[in-house]
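Novice: Sequence and predicted structure are below.
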Amino acid sequence: MTLFITLRVRSSNTSRYFVAVYTDSSCMVGCDHKHENVTAAAACIPQAGGYVVAVRHGKVYQQLTAAEEAEFQRAMSRCEENCAA
Ligand SMILES: [Zn+2]
């Protein structure tokens, strides 16, 4: 029973991934990757003003949860520290 539940959770996690989105010549574009987490997707943003969105089942764009939004903010502030150094 426990194994069954674990497999269900794994399966639902793999159907959701993150992409970096940003504007390029006034067009909204997203990267072609399937990032496992917000931090990896945030590292893919090539310029200021980008954002990360969750993708479910390869087509449904979802807003980040509060926890994911916090992870995004941490990832972006880390990047600024690295760039300033
Ligand atoms: Zn990417």
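Specialist: Everything's here; your move.

Novice: Indicate whether the helix ranked longest in the chain makes contact with the ion.
Specialist: The longest helix of the chain (DSSP state H) is helix 66-84. No - using C-beta under 5 Å from the ion, helix 66-84 stays clear of the ion, with a minimum separation of 12.7 Å. (C-beta placed from N, C-alpha, C; glycine too.)

Novice: For the residue nearest to E68 when sequence neighbours are not counted, which residues are in contact?
Specialist: Excluding the flanking residues, the one nearest E68 by C-beta to C-beta, 6 or more residues apart in numbering is V38, at 5.0 Å. Residues in contact with V38, defined by C-beta atoms under 8 Å, 6 or more residues apart in numbering, are F18, V52, L64, E68, E71, F72, A75.

Novice: quick one: which of those residues is nearest the ion?
Specialist: F18 (8.4 Å; C-beta to the ion).

Novice: Confirm the closest one sits in a helix?
Specialist: No - going by DSSP: H, G, I helix; E, B strand; the rest coil, the assignment for F18 is strand, not a helix.

Novice: That one against A54, yeah?
Specialist: Yes - look at F18 against A54 with C-beta atoms under 8 Å: they come within range, at 5.6 Å.

Novice: who's more crowded, those two?
Specialist: Shown here are F18 and A54; by other C-beta atoms under 10 Å, F18 has more neighbours (27 against 18).
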